[in-house]
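Peer 1: Sequence unavailable; structure follows:
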């Protein structure tokens, strides 16, 4: 390969910062050590593939959109909805941040990443709709897990996230999650009675 991949290498280090960037909204609910953006993005990608498959959309594309959906937070941090209210001019456009992030990458890669973020932000393709539902569903599931740890103030996040899920499959999964204990998977794997 003859192209200079220095910009790609720099971005890979930049992307690694998402492993230690905490999801700040959970602090408002009293969660002392919330999940990272990378933690959230991983399960969101998994959920996006599941929802997309059930909805008849492309699960790989939906998962890829979910992987990139918060990648801009390397530059902005995770700004919760309350913080966005006070941001000068509102929330930064993820497409603009992405363009800066990939500006020096080989064009074939830069264009692909820009297109992925644009598709997610447009909210029009079936895969983008599935990825966006996965984002809400992941937040809901995380809230349920935090509630099980004793953080009662997360109920607002659970309810708001559930109310924003639009696909039939996403809603059905949300209902199943709400009816299932967060450790039922372990009990089932151990052959215990549920």
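Peer 2: Happy to help now that I have it. Treat the numbers as computed from the prediction; the structure is a model and nothing was measured. Numbers count the residues shown, from 1 in each chain.
Peer 1: quick one: contacts for residue 62?
Peer 2: 48-49, 51-52, 127-128, 130-131, 134 (CB atoms under 8 Å, 6 or more residues apart in numbering). Heads up, the C-betas are built off the backbone N, CA and C, glycines and all.
Peer 1: least trustworthy helix or strand in the chain by mean pLDDT?
Peer 2: Lowest by mean pLDDT, DSSP states H and E among the helices and strands of the chain is helix 81-85, with a mean of 72.
Peer 1: That one: what's the following helix or strand?
Peer 2: helix 94-102 (DSSP states H and E).
Peer 1: Tell me which residues of the lengthiest helix in the chain come out buried.
Peer 2: Secondary structure of the chain per DSSP state H: the longest helix is helix 126-148. For helix 126-148, the neighbour count (16 or more other CB atoms under 10 Å) marks 126-144, 146-147 as buried.
Peer 1: what separates residue 45 from residue 53, distance-wise?
Peer 2: 13 Å (CB to CB, to the nearest Å).
Peer 1: swap in residue 123?
Peer 2: 20 Å.
Peer 1: Give me the phi and psi angles of residue 22.
Peer 2: The phi and psi values for residue 22, taken as degrees, to the nearest 10, are phi -80, psi 150.
Peer 1: contacting residues for it?
Peer 2: 33-37, 78.
Peer 1: which one of the residues you listed has the most neighbours?
Peer 2: Highest neighbour count within the contacts of residue 22: residue 37, with 25 neighbours (other CB atoms under 10 Å).
Peer 1: and that residue, what does it touch?
Peer 2: 18, 21-23, 70, 73, 78.
Peer 1: Nearest to residue 41 among those residues?
Peer 2: Of all the contacts of residue 37, residue 41 sits closest to residue 70, with 5.5 Å by CB to CB.
Peer 1: So that closest one is in contact with residue 18, correct?
Peer 2: Yes. Using CB atoms under 8 Å, residue 70 and residue 18 qualify as a contacting pair, with a distance of 7.2 Å.
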